[in-house]
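I would like to see how this sequence folds:
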Amino acid sequence: MIDREEVRKVANLARLELTPEEEEQFTGQLNGILDYFEQLSELDTSKVQPTTRAIDVSNVMRSDDLQPFPKRESILEGAPDRDGEFFKVPKIM
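Below is the predicted model:
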């Protein structure tokens, strides 16, 4: 069980100023949360695999294969300025 002194200590560490009413309220709420964890600890989880997520999530990604673009000229046509087969950009110095 958590008492008001522990609530004051946690509030101090979190740099929170609590009124006496808030201390009483949080003491009750935190004890309710701990009671819930007590209920959960009664469950048999010996056959449950540890996990980091409640739902299995995986990324679906395509392989990154290098392929030449057949219409190189069409890409260069969209450039505002070019020099032969290259994009021409302003000097950055």
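
pLDDT weak spots in the protein?
The chain contains no residues with pLDDT under 70.

at 90 instead, please
Scanning the chain for pLDDT under 90 picks out 1, 40-41, 45-46, 48-93.

show me where it has helices.
For the chain, the helices defined by DSSP state H occupy 4-13, 20-41, 72-77.

from the ones you listed, which stretch is densest packed?
Of all the helices of the chain, helix 4-13 has the most neighbours on average by mean count of other C-beta atoms under 10 Å, namely a mean of 13. For glycine as for every other residue, the C-beta is placed from the backbone atoms N, C-alpha and C.

what values do phi and psi take at the residue lying farthest from the centre of the chain?
Farthest-out residue of the chain from its mean C-alpha position, per C-alpha atoms, centre = their mean: residue 84, at 46.0 Å. The phi/psi pair for residue 84 (degrees, to the nearest 10) reads phi 70, psi -120.

cool, the one 4 residues further on as well?
When quoted as degrees, to the nearest 10, the phi and psi of residue 88 stand at phi -110, psi 130.

the closest residue to it other than its chain neighbours: neighbour count?
Leaving aside its sequence neighbours, residue 88 sits nearest to residue 81 (C-beta to C-beta, 6 or more residues apart in numbering; 4.2 Å). Residue 81: 8 surrounding residues under other C-beta atoms under 10 Å.
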